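Student: next one to model:
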Amino acid sequence: MAISGSLADPARHAARILRPRASILLLVAMCFAAGALIVAQPLARLALVAVAGTLAVTALLIVAIRRLAVARDRRLLRAVGELIETDAAAAFLTGPDGAIVQRGKVARDGGAGQAATVAEVLRGDLADPAALVFRLATRAENGGAAVEEAVTRAGRLRVSAQRIGADHLFWRIERAGNAPASGDSVRLPMLIAGRNDTILYMNPAARQLIGERARNLERVFPRRPLVSGQINEVATADGLTGCMAVARDAQAGRREVFLLPEVTAADCQPDGWAFFDALPVALLKLDRSGNIVLSNRPARDLLCLPEAGGGRLAERLEGLGRPVADWLADAADGRGTVHSEFLRVRRDDRETFVQVMLNPAREDGETILIAVLSDATELKSLEAQFVQSQKMQAIGQLAGGVAHDFNNLLTAITGHCDLLLMRHDAGDPDYGDLLQINQNANRAAALVGQLLAYSRKQTLRPEIMDLRDTLADLTHLLNRLVGEKVTLSLSHDPLLWSIRADRRQLEQVLMNLVVNARDAMPDGGEITIETANRTLESPLHRERAVVAAGRYVCVRVRDEGEGIAPDKLQKVFEPFYTTKRTGEGTGLGLSTAYGIVKQTGGFIFADSTPGQGTSFEVLLPAYDTAAQAPEAEEATPATGSASGVILLVEDEAPVRAFAARALQMRGFTVLEAESAEDALEILQDASLHVDLFVTDVIMPGVDGPTWVREAVKMRPEVGVVFISGYAEEAFGDLQQTIPQSVFLPKPFSLSDLTETVCRQLAGPKT
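Tutor: As a prediction, this is how the structure comes out:
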């Protein structure tokens, strides 16, 4: 379904923007009309009447167009509401503030009835749902629609967002769990049994062979118990004698049983192995020492065995963590609880993992082992992705906690240093020492920012840009970084599409990749930076990532260095992992680039051939050049005097002292509070006038957004400046519900604070 928003119509867009000013136009029109009654000259009177009429007609036209647009959006939202209610996936409609205004039946039945935002719905599935929701909402607002897939513990998750009307987004959350296959595509008769031997499912071939009357395994297998991996003879009251069967364990205590019908007694050998090769389950027959006595075709394909018998199990599998002989002996003698094991197959063509379950059996008075093998390669891949996401979440939590406390300290250090620098000129003996303190504090803040970048929790300021302009501005710095031995060359697509990213963070990515390429060529060489447009007609599956179909801008940084070994190439984006000697690198450069690219909505891949060099490829979603870029805010000069009453709420005394002095030096009257409770108590005085709230976000007791929501009920005209050492996305959903609010990340300088406060005071009041 493709729905075009009202923003596509320039007239409706203009009417929506000018609607609050229609009353002003009518008032001005009345003034001109009144002037026409006073003026005596006919020509002047005619001009005034014409202007008054034009303004009145314009105002009425704006109101009419806006009302038509509102009516159209209401009809559209009603239609979408009917779609949401009958959608087979969990569907939501969110308003301009990100809050859910309508949810479908599937969403309500699925436990999402109490969630206020889409990020809250996804919180149980994803480590950082706010970042995913932010990316999709941004791309949908600019391009009309956006979709992403994620791998969770419960299976794959597909989240899509589509712009509806002027201010709404339509969300769909489709879940694909790891449910077992029905077995309808299996040609052999197959049934699934539960823990109590109840038959839960039979495919069409099994129903035709056994009949619908079979409800328990005892009816089909009255003579012998069905053990996973063991060959069983079928003998039922319906005359199925002579059939062979094999079972394997499935999920949640179930067993999948395969039958081989139409086997006569003459064809059935006493040892029961005649049809071993025809079974669809990978099976091995082992002796106590681990020698492979017999294997069927699925097992040979899985383990890359040249023939049915021969060889040892220990030669084909690895990664058990203890001798394979001990494991087999425990299984044969029934010592302890023998669990299934996940092992890696020793083969050169591809990486394969198998789940191995051992079951003892007796043959000619000797104990043998039946090994049931299942391909676990995809499961291990999902496990690796989950472990990586857990690692990202742990690092993000650590970085967020460190950033909050550390940024408070850095704010106090840099702030008081700024105050001292204002009292010392360049010729003062202490000026150089103060400058060193300020610069090293900024370096410490940059180090914390790198951790936040990898965990995708830094605050971004995205804008639509041309990557060629960014590289042109950065070329001089990159040439200085690479030195004299290394040559830097750039190659651009002349029709390169635009991208949407944080310019400062994207420059950090490019510098990290170039520095990494330079370090790979100690004897010199050439670094090539190429940009090109790339259109994917179908999803691109690469490594563990899936790149959705669409338009992308590709940036490739290649070097002629030593290259990276295949076993190390998988780890280059991990934090603190480095192949350099001690003191030459922190291991955060590529991990920082990875975090920034992923938070921007892109992908980064590495290719390397030892001895021939390395290539890093970055894919960023393309944006139309005609898209409206956000207008740059005019910076308020940090000089001169200002006026106004500021309520400053900050629990950290050093930060509060610096901020209060900085604002007072600018001419503001500052009321200080160390907690939200103190701030609300100050506001109980109705005679007290306050122009702006400046508050920390995370505080003991009541947090910043909570007390501000209470305060704006009494003083709705007051603006807010939130300050925090955490990233803005940590409370972005709450901030959207508070009008006239901006965010200032810690650590901030004296000029950052005063300019933000002045801009907020000078902004329009609604």
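Student: what's the mean pLDDT across the host helix or strand of residue 58?
Tutor: Assigning secondary structure by DSSP states H and E places residue 58 in helix 42-86. Per-residue pLDDT values over helix 42-86 give a mean of 72.
Student: next up, identify which helix or strand the residue positioned nearest the centre of the chain is on.
Tutor: Centre of the chain computed as the mean C-alpha position; nearest residue by CA atoms, centre = their mean is residue 132, 4.3 Å away. With the criterion set as DSSP H and E, the secondary-structure element containing residue 132 is helix 129-143.
Student: name the helices or strands packed onto that helix?
Tutor: helix 118-122, strand 145-152, strand 155-164, strand 168-177, helix 589-600, strand 613-623, helix 732-736 (3 or more CB pairs under 8 Å, 6 or more residues apart in numbering; DSSP states H and E). Every residue, glycine included, has its C-beta placed from N, CA and C.
Student: just name the most buried of those.
Tutor: Neighbour counts averaged per stretch over the helices and strands packed on helix 129-143 are highest for helix 589-600, at a mean of 24; criterion: mean count of other CB atoms under 10 Å.
Student: that one: what's the following helix or strand?
Tutor: Using DSSP H and E, the next helix or strand after helix 589-600 towards the C-terminus is strand 603-609.
Student: how far off centre is that following strand?
Tutor: Between the mean C-alpha location of strand 603-609 and the chain-wide mean there is a distance of 20 Å, by CA atoms, centre = their mean, to the nearest Å.
Student: how about it: buried residues?
Tutor: 603, 604, 605, 606, 608 (16 or more other CB atoms under 10 Å).
Student: identify the bridge partners of the last one.
Tutor: Meaning residue 608. Beta-bridge partners for residue 608, by DSSP bridges, are residue 614.
Student: for residue 617, see how far away it is.
Tutor: Distance check for residue 608 against residue 617: by CB to CB, to the nearest Å, it reads 12 Å.
Student: just the third one next, same as before
Tutor: Residue 605 is 5 Å from residue 617, where distance means CB to CB.
Student: over to the first one?
Tutor: Residue 603 sits 8 Å away from residue 617 when distances are taken as CB to CB.
Student: which neighbours do the two share?
Tutor: Taking CB atoms under 8 Å, 6 or more residues apart in numbering as the contact rule, residue 603 and residue 617 touch no residue in common.
Student: ranges for the strands of the stretch 301-450 of the chain?
Tutor: If DSSP state E, counting those that start in this stretch is used as the criterion, the strands of the stretch 301-450 of the chain fall at 317-318, 341-345, 353-363, 366-375.
Student: need those strands in CSV (columns: mean pLDDT, distance to residue 742 and mean neighbour count).
Tutor: What follows is the strands of the stretch 301-450 of the chain, written out as CSV (pLDDT from 0 to 100; distance: least, CB to CB, whole Å; neighbours: other CB atoms under 10 Å):
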stretch, mean pLDDT, distance to residue 742, mean neighbour count
strand 317-318, 86, 57, 16
strand 341-345, 84, 51, 18
strand 353-363, 83, 50, 17
strand 366-375, 84, 54, 19
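Student: out of the ones you listed, which is closest to residue 463?
Tutor: Using CB to CB as the criterion, the shortest distance between residue 463 and the strands of the stretch 301-450 of the chain is 44.4 Å, found for strand 353-363.
Student: now the angle from the closest one to strand 366-375?
Tutor: With axes from the mean of the first three to the mean of the last three CA atoms, to 10 degrees as the basis, strand 353-363 and strand 366-375 are set at 160 degrees to each other.
Student: strand 353-363 pairs with which strands?
Tutor: Each strand pairing with strand 353-363, determined using DSSP bridges, is listed with its direction: strand 341-345 (antiparallel), strand 366-375 (antiparallel).
Student: so which of those strands comes closest to residue 672?
Tutor: Proximity to residue 672, assessed across the strands paired with strand 353-363 by CB to CB, is greatest for strand 341-345 (59.5 Å).
Student: list the contacts for residue 738?
Tutor: Residue 738 makes contact with 705, 708, 709, 712, 720 under the criterion CB under 8 Å, 6+ apart.
Student: repeat that with 10 Å
Tutor: By CB atoms under 10 Å, 6 or more residues apart in numbering, the residues touching residue 738 are 97, 693, 704, 705, 708, 709, 711, 712, 719, 720, 722.
Student: can you get me a residue count around the last one?
Tutor: Right, residue 722. Using other CB atoms under 10 Å as the criterion, residue 722 is surrounded by 22 other residues.
Student: do you know the pLDDT at it?
Tutor: Among the per-residue scores, residue 722 shows a pLDDT of 91.
Student: same check on the fifth one?
Tutor: We note a pLDDT of 91 for residue 708 in this prediction.
Student: now do stretch 666-685: distance from first to last residue.
Tutor: With CA to CA, to the nearest Å applied, stretch 666-685 spans 25 Å between its terminal residues.
Student: if we go by neighbour counts, what in it is buried?
Tutor: Under the neighbour-count criterion of 16+ other CB under 10 Å, stretch 666-685 has 666, 668, 670-676, 679-680, 682-683 buried.
Student: so residue 513 is in which element?
Tutor: Mapping residue 513 onto the secondary structure by DSSP H and E places it in helix 503-519.
Student: again, but for residue 199
Tutor: Residue 199 belongs to strand 199-202 when elements are defined using DSSP H and E.
Student: partner strands of that strand, parallel or antiparallel?
Tutor: Based on DSSP bridges, the strands next to strand 199-202 in the sheet, each with its direction, are strand 190-193 (antiparallel).
Student: can you pull the poorly scored residue ranges out of the stretch 351-500 of the chain?
Tutor: 384-401, 403-404, 446-460 (pLDDT under 70).
Student: what about the helices in it?
Tutor: With DSSP state H, counting those that start in this stretch applied, the stretch 351-500 of the chain shows helices at 377-421, 431-454, 467-482, listed in chain order.
Student: and this protein, what are its domains?
Tutor: For the chain, automatic domain parsing gives the domain ranges 6-81, 88-172, 190-377, 380-450, 467-623, 645-762.
Student: ends of the fifth one, how far apart?
Tutor: Start to finish, the residues bounding domain 467-623 are 12 Å apart (CA to CA).
Student: and for the second one?
Tutor: In terms of CA to CA, the two terminal residues of domain 88-172 are separated by 10 Å.
Student: can you pull the buried residues of stretch 286-298?
Tutor: Of the residues in stretch 286-298, 286, 288, 290, 292, 294, 295, 296, 297, 298 count as buried by neighbour count, 16+ other CB under 10 Å.
Student: least confident secondary structure element in this protein?
Tutor: Taking mean pLDDT, DSSP states H and E as the measure, strand 232-234 is the helix or strand of the chain with the lowest mean score, a mean of 51.
Student: what about the closest residue to residue 514 other than its chain neighbours, neighbour count?
Tutor: The shortest distance from residue 514 to any non-neighbouring residue, by CB to CB, 6 or more residues apart in numbering, is to residue 478 (5.3 Å). A count of nearby residues for residue 478, using other CB under 10 Å, gives 19.
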